[in-house]
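> output the structure for:
(2 chains)
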Amino acid sequence: MNDRSGMTVIVKTVVRISASLILLYGAYIVAYGQLTPGGGFPGGVILGGAFILLCLAFGKETAFRKLSVNAASVLDSAGALIFLGIALSGYAWGVFFLNFLNKGIPFHLWTAGIIPLCNIGIGLKVGAGLFGAFIALTAFRVVKKGD
Amino acid sequence: MLLIILLIFMIAGSIIALETKNLLSAVIAAGAVGAGVCICFLMLGAPDIAITQMAVETLSLVILIRATISRDLTHITAQREAGGLVAVGVFMAVFVLFSTFALMEIPPFGKPLMTVSSYYVQNGLAQTGASNIISAIILDYRGYDTLGEATILFVAVAGAIVLLRKKGRKKAEEKDE
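Below is the predicted model of the structure:
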């Protein structure tokens, strides 16, 4: 951590400890969305926020080593396609958005059929998408003609 | 009672965000209003919405400060026009008058339980297996709406990345201008 990019050493130390905990909390919010308050959208926002925190504290090169813009856009598209694929595969049983999987026992983790899978898809999509939007708004420099 | 104090706090924050001359103060006042909305949702018994509001509010505040304020710090020096203020006052008075008549007619908050929502509450756990009724509604009963929201977010992010990226992609045979 000798490079000069990013913020001071206090911020970097705090972020090094807390970024993984924020990621873990976002993953918990996504995975337990069918049991407790939360779900794909807030969990995805927290996941994206962890990477934005890395990008603010350590500079964009460190954040790009963890998650590059191309990987973010691939994850964004993959999440959208997972959600759309689950919705369309309901047609195999006749109805759009049919909950075709086994419902399971209530109050257990893998219950509620397609709902956890949809949450994971939305979480990937929202997290990677917000990170990509943040990078696009802040890190990309506008190159004027003649520069 | 606490809800009314929060509402007054949020109204004051909105007016400060409109009237202050410094753009950074306006963004922070808008963030305070968002935090007040989050506490209101929590007190009305909607933890799902409160979590979403808190996360989105924090992230959008960071994006706003980082993306706009760090580029150019704007101080607004122009005065507000008197005619515009009078027009806004008249329209707000008319709006408050008619909305008071309308709000006296609506049923009190949370009761009676509507037909559709009572159906969801009674059959949601058995039909979907999800103990969080909000997830059951937005991803199972109303999944089509959620698909539309996801599409909107996807198009917005894709547009931002495509418009603001550093290098354009072009076919090899096309020439530069």
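
> now for chain A, the helix or strand with the poorest mean pLDDT.
Using mean pLDDT, DSSP states H and E, the weakest-scoring helix or strand in chain A turns out to be helix A:60-66, at a mean of 77.

> please identify the buried residues of that one?
Under the neighbour-count criterion of 16 or more other CB atoms under 10 Å in any protein chain shown, helix A:60-66 has A:60, A:62-64 buried. Just so you know, the C-beta spots here come from the backbone N, C-alpha and C atoms, and that holds for glycine as well.

> format the CA atom coordinates belonging to it as CSV.
Written as CSV, here are the backbone C-alpha positions of helix A:60-66 (Å, rounded to 0.1, in the frame of the first residue of the first chain):
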residue,chain,number,x,y,z
LYS,A,60,-9.5,3.1,-9.3
GLU,A,61,-6.6,0.8,-10.2
THR,A,62,-7.0,-1.3,-7.0
ALA,A,63,-10.7,-1.5,-7.5
PHE,A,64,-10.3,-2.5,-11.2
ARG,A,65,-8.0,-5.3,-10.1
LYS,A,66,-10.9,-6.7,-8.0
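
> returning to that earlier point: and which of the buried residues of helix A:60-66 is nearest A:Val74?
Ranked by distance to A:Val74 (CB to CB), the buried residues of helix A:60-66 are led by A:Phe64 at 14.0 Å.

> what sits up against the helix or strand of chain B with the lowest mean pLDDT?
Taking mean pLDDT, DSSP H and E as the measure, chain B has helix B:115-128 as its least confident helix or strand, at a mean of 77. Outside helix B:115-128, the residues within contact range by CB atoms under 8 Å, 6 or more residues apart in numbering or on different chains are A:99, A:103, A:106, A:112-113, A:115, B:113, B:130-131, B:133, B:136-137, B:140-141.

> before we move on, the earlier item: is the next helix-or-strand element following the least confident helix or strand of chain A anywhere near chain B?
As assigned by DSSP states H and E, the chain's next helix or strand after helix A:60-66 is helix A:69-89. Yes. Contact between helix A:69-89 and chain B, assessed by CB under 8 Å from any CB of the partner chain, occurs at A:69, A:73, A:76-77, A:80, A:83-84, A:87.

> may I ask which of the residues you listed has the most neighbours?
Taking other CB atoms under 10 Å in any protein chain shown as the neighbour criterion, A:Phe83 ranks highest of those with 27 neighbours.
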